[in-house]
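Chemist: 3D model of this:
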Amino acid sequence: MITELNLHNVTTVNETTDKKNPANPTVAPEIEPEFGLPTDHFDPNVKASVLVEALPYIQKFAGKTIVIKYGGNAMINDELKTQVMQDIALMKCIGIRPVIVHGGGPDITDFLQKFGKESTFVSGLRVTDQETVTIAEMVLVGKLNSEIVNRLNKLGIPAVGLSGKDANLLWATKKLAEVHEDNGHSHLVDIGFVGEVQKVNTKIINDLLDNGYVPVISPIGTGKGESTYNINADYAAAEIAGALKATKLILLTNTKGVYKVFEDPSTFLSSLSGYEAAGMINKGQISGGMIPKVEASLHALKTGAGKVSIINGCEPHAIILELFTDNGIGTEINH
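Modeler: Modelled structure (predicted):
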């Protein structure tokens, strides 16, 4: 069962001694046990206004499918892990149909280092030989997926973990990395067992959603023969969002969103069109690890997703702030 959030009723109040007057005990602020926040931190009118602001968005998204790509530092920090799972639990409880596609780059890198292997990236994609894809599958499916499922289950949210190989959920072929040059040209590079999704088995995902479960998907794909592919989680989430015709795809990353000039915070873009985003890639204004995220966003829109948000997963409760507030916190890319 999920602990019901009640900002007015708290079962225990601690008494502490006023250091300036030891004879005068003072009552410590009431603490909401689930979230560890002082309940007197906000004025009641502020609390009410927050809920009222969220109401139209709750109504808008109820019954809709939203795909969340969960990755970056939000998968490393325990406090952020808890907050992300609470956000997803809230989404589920108000009638949204969340689908989680998770990455795990930092964990994969750590395990590769333990095996004496260095990580190399081309256009934000990990170069993956046979040993690397085996380690990636072990980390993503065996470690991270089960951890996410367990955290949601403990919040009272029924979650089911899936690999992209289960029921041919993610059918893939080899993907070549596209390298953009300063002169506007580009060329393709073979980066090993990195996959490009050709087909998504939406039936198994919809069956789980229709029966009240939250699917948690590892981006490991299957292909002809006994092929196993490491699929960039941004691309996997985009393919799934497009195939499901999701209302929104949310990509969690370690930055606020898209900038015209990354080094200049004043150039942050709260929204842009797919056309504008594609132009920024071609001009080299978007580079490194942001390339897969923006390319994935464009593909999701092209294949059926409604909108895409790129947000900083390091912000506390980033998902609900993006979904249920007027201004959001990240970059929204639309048609």
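
Chemist: contacts, neighbours, all on C-alpha from now
Modeler: OK.

Chemist: okay, and for this protein, where does confidence drop off?
Modeler: Within the chain, the ranges that satisfy pLDDT under 70 run 1-42.

Chemist: elements contacting the lengthiest strand in the chain?
Modeler: When secondary structure is assigned using DSSP state E, the longest strand within the chain turns out to be strand 186-200. The helices and strands touching strand 186-200, judged by 3 or more Cα pairs under 8 Å, 6 or more residues apart in numbering; DSSP states H and E, are helix 130-137, strand 170-180, strand 228-230, helix 233-244.

Chemist: in stretch 54-66, what's buried?
Modeler: Residues of stretch 54-66 classed as buried: 54, 58, 61, 64, 65, 66 (neighbour count, 16 or more other Cα atoms under 10 Å).

Chemist: what does it contact?
Modeler: Where contact means Cα atoms under 8 Å, 6 or more residues apart in numbering, the residues beyond stretch 54-66 that reach it are 94-99, 241, 244-250, 323-325.

Chemist: Return the subset of the residues you listed lying in strands.
Modeler: Among the contacts of stretch 54-66, the ones falling in strands (DSSP E) are 97, 98, 99, 248, 249, 250.

Chemist: ranges for the helices of the chain?
Modeler: For the chain, the helices defined by DSSP state H cover 44-61, 78-93, 105-114, 130-137, 146-154, 202-210, 233-244, 274-282, 290-303, 318-324.

Chemist: okay, those helices, which one's buried deepest?
Modeler: The densest packing among those, expressed as mean neighbour count by mean count of other Cα atoms under 10 Å, is seen in helix 233-244 with a mean of 27.

Chemist: So what's the gap between it and the chain middle?
Modeler: In terms of Cα atoms, centre = their mean, to the nearest Å, the centre of helix 233-244 is set 12 Å apart from its chain centre.

Chemist: got it, and stretch 188-208?
Modeler: Between the mean C-alpha location of stretch 188-208 and the chain-wide mean there is a distance of 17 Å, by Cα atoms, centre = their mean.

Chemist: Contact partners for the residue positioned nearest the centre of the chain?
Modeler: With the centre of the chain defined as its mean C-alpha position, the nearest residue by Cα atoms, centre = their mean is residue 70, 2.6 Å away. Contacts of residue 70 were listed using Cα under 8 Å, 6+ apart, and they are 100, 101, 102, 103, 251, 252, 253.

Chemist: For the closest residue in space to residue 148 that isn't next to it in sequence, give the beta-bridge partners.
Modeler: In this structure, residue 148 finds its nearest non-sequential neighbour in residue 216, 7.6 Å apart by Cα to Cα, 6 or more residues apart in numbering. Applying DSSP bridges to residue 216 yields these beta-bridge partners: residue 100, residue 161.

Chemist: burial of residue 216, as a residue count?
Modeler: The burial metric for residue 216, expressed as a neighbour count using other Cα atoms under 10 Å, is 24.

Chemist: Let me see the contact set for it.
Modeler: For residue 216, the contact set (Cα under 8 Å, 6+ apart) comprises 99, 100, 101, 102, 145, 148, 149, 159, 160, 161, 162.

Chemist: Mind putting the helices and strands packed on strand 186-200 into JSON lines with distance to residue 86?
Modeler: Written out in JSON lines, the entries for those read as follows (distance: least, Cα to Cα, whole Å):
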{"stretch": "helix 130-137", "distance to residue 86": "26"}
{"stretch": "strand 170-180", "distance to residue 86": "27"}
{"stretch": "strand 228-230", "distance to residue 86": "28"}
{"stretch": "helix 233-244", "distance to residue 86": "20"}
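
Chemist: So for residue 109, which of the ones you listed sits nearest?
Modeler: Comparing the helices and strands packed on strand 186-200 by their distance to residue 109 (Cα to Cα), the top pick is helix 130-137, with 8.9 Å.

Chemist: which helices and strands does that closest one pack with?
Modeler: helix 105-114, strand 186-200, strand 228-230.

Chemist: Please report the distance of the residue nearest to the centre of the chain from residue 164.
Modeler: In this view, residue 70 and residue 164 are 15 Å apart by Cα to Cα, to the nearest Å.

Chemist: if I look at the closest residue to residue 163 other than its chain neighbours, how far off is residue 97?
Modeler: Across the structure, with Cα to Cα, 6+ apart as the measure, the residue nearest residue 163 apart from its sequence neighbours is residue 218 (4.8 Å). Counting by Cα to Cα, the separation of residue 218 from residue 97 is 18 Å.

Chemist: same check, this time on residue 330
Modeler: 21 Å.

Chemist: Wait, residue 191 touches residue 128, no?
Modeler: Yes - with contact defined as Cα atoms under 8 Å, residue 191 and residue 128 form a contacting pair (6.2 Å).

Chemist: Between the two, which has more neighbouring residues?
Modeler: residue 128 (22 against 19).

Chemist: mind listing what that one touches?
Modeler: Remark: with contacts taken as Cα under 8 Å, 6+ apart, residue 128 is in contact with 191, 192, 193, 194, 230.

Chemist: ok, now residue 303?
Modeler: Residue 303 makes contact with 239, 242, 243, 245, according to Cα under 8 Å, 6+ apart.
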